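Undergrad: Dropping the sequence and predicted coords here.
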Amino acid sequence: METLTCKNCGGSTFKKKGEDYICQHCGSITVPKVRMPRKRLIMIIALLVLLVVGLFALYKTLYTVKKDIENLSIGKTIQNIQNTSTEDNPYQIIEESIRKKVKNKLAYSPLEKMMTAYHQMPGHKSFFIAIDRKGRYAYGYAHDYGTVKEATKFAFKRCEEGRKKMKLNEICSPYLVDDHVAQGIAE
């Protein structure tokens, strides 16, 4: 226990009254410093460390689940595309879909040019797009990949980067994979 010293007279003899101490020489009240017990302090630090570790583990788990959902979504898209017939002109369907979503016709002319170029790109390829109600859009494409899955992953990633840069709330949706329309996307 810590020894007390009176701040007024410098005396060291005290009488305890409740939680306070009264100096026997001058009668002034002195309040002792309250210290937290070491065990309690160690326990609080340990709980804080566990909380931080738990939050980190939760973040990693949620990030992994998000990636799994993205991979599952890409897998379903590829499966839907493989089941789609190629009789329709995919570029015409996409153009009509974009025209419905975009009010300003000038807003999509660079996009139209990109889709025309996409048709002539080599290898496995994929095209994703996000369009908001104001006609703002972001897209991502990939071509010349060894597999459809690789092209789709990369195109989705590029679309997401553009979507975040443009601050769009809409999700990136696949429009084309190789030369097939992504089923259920073009309205």
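TA: Now that the structure is in, tell me what you want to look at. Numbering: from 1, shown residues only.
Undergrad: where along this protein do the strands fall?
TA: With DSSP state E, the ranges of strands along the chain come out as 14-17, 20-23, 29-30, 124-131, 137-145, 173-177, 180-181.
Undergrad: Now the ones you listed in CSV, please, with extra columns for mean pLDDT and distance to Thr116.
TA: Every C-beta, even on glycine, is put in place using the N, C-alpha and C of the backbone. Conversion of the strands of the chain to CSV gives the following (pLDDT from 0 to 100; distance: least, CB to CB, whole Å):
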stretch, mean pLDDT, distance to Thr116
strand 14-17, 83, 91
strand 20-23, 83, 87
strand 29-30, 78, 88
strand 124-131, 88, 12
strand 137-145, 88, 12
strand 173-177, 86, 12
strand 180-181, 77, 16
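Undergrad: With respect to Thr3, which of these lies nearest?
TA: Thr3 lies closest to strand 14-17 among the strands of the chain, at 9.6 Å (CB to CB).
Undergrad: Can you give the contact residues for the closest one?
TA: Residues outside strand 14-17 that contact it (CB atoms under 8 Å, 6 or more residues apart in numbering): 4, 6, 21-24, 29-30.
Undergrad: That one: how far from the chain's middle?
TA: 60 Å (CA atoms, centre = their mean, to the nearest Å).
Undergrad: Just the buried ones from the contacts of strand 14-17, in ChimeraX syntax?
TA: In ChimeraX, a selection of the buried entries from the contacts of strand 14-17 looks like this (16 or more other CB atoms under 10 Å):
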select :4,6,21,23
